[in-house]
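Colleague: The following comprises the amino acid sequence and a computationally predicted model.
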Amino acid sequence: MPLRLDVRRRATGGGFVTELSLDVPSDLEYVGPAVELIAEELPGGPLSARRIRFNLRTALAEALANAIAYGNRHDPARLVQVRVEVTHEAVHLHVTDEGDGFNPADVPDPTRPELLEREDGRGLFVLRGLVDQVAFNEKGNSVCLTLRAG
């Protein structure tokens, strides 16, 4: 299935908002191409090239992989919706899966000594280090990652 990015631009009271949206099949093979497609189409604006190259790409790849693996459980009948909102002040990455969701407060801190040897459970910790804000919807199946200008 080829990926199709939808790009819209709308005027707001303070300028323009660009929205990019993409439906990604629940297959980890699509993570890299989806991230590159979005990064290449991202309009110049609030983020430096370095933050797009590293922070945005890494955070989006992590959120997408988590949504595919944990949210949609690799179910090929399910999609992950990605919506990117670019304003003058920030970039907001919304990643939503079709799963049951989870409570982020239940995810243990992977830096606790007894958890250091585990190979899983670091995704949320990594996301919080890459972006300025991580927010989940009430169900826990949608995350909004915010990268502020800079």
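Modeller: Good, I have the coordinates. For clarity, every value in this text was computed on a predicted model and none was experimentally measured.
Colleague: where does Val31 sit relative to Val143, distance-wise?
Modeller: For Val31, the distance to Val143 equals 15 Å [CB to CB, to the nearest Å]. Quick note: C-beta positions are derived from backbone N, CA and C, even for glycine.
Colleague: More neighbours: which of those two?
Modeller: Val143 (24 against 20; other CB atoms under 10 Å).
Colleague: So the more buried one versus Leu93, what's the distance?
Modeller: The value you get for Val143 to Leu93, if CB to CB is used, is 8 Å.
Colleague: which neighbours do the two share?
Modeller: Ala63 (CB atoms under 8 Å, 6 or more residues apart in numbering).
Colleague: which is the next helix or strand following the lengthiest strand in the chain?
Modeller: Longest strand in the chain, counting residues (DSSP state E): strand 15-25. Once the chain leaves strand 15-25, the next helix or strand it forms, by DSSP states H and E, is helix 31-41.
Colleague: Mean confidence (pLDDT) on the helix or strand following that following helix, please.
Modeller: The helix or strand immediately downstream of helix 31-41 is helix 49-50, counting by DSSP H and E. For helix 49-50, mean pLDDT rounds to 86.
Colleague: Can you name the residues that contact the closest residue to Ala90 other than its chain neighbours?
Modeller: What sits nearest to Ala90 in space, not counting adjacent residues and going by CB to CB, 6 or more residues apart in numbering, is Arg148, at 4.7 Å. Residues in contact with Arg148 (CB under 8 Å, 6+ apart) are 46, 89-90, 132.
Colleague: PyMOL command to pick out the buried ones of these?
Modeller: In PyMOL, this line selects whichever of the contacts of Arg148 come out buried by 16 or more other CB atoms under 10 Å:
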select buried, resi 46+90
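Colleague: Going by distance to Val82, which of the contacts of Arg148 wins?
Modeller: Proximity of the contacts of Arg148 to Val82 (CB to CB) peaks at Ala90, which lies at 16.4 Å.
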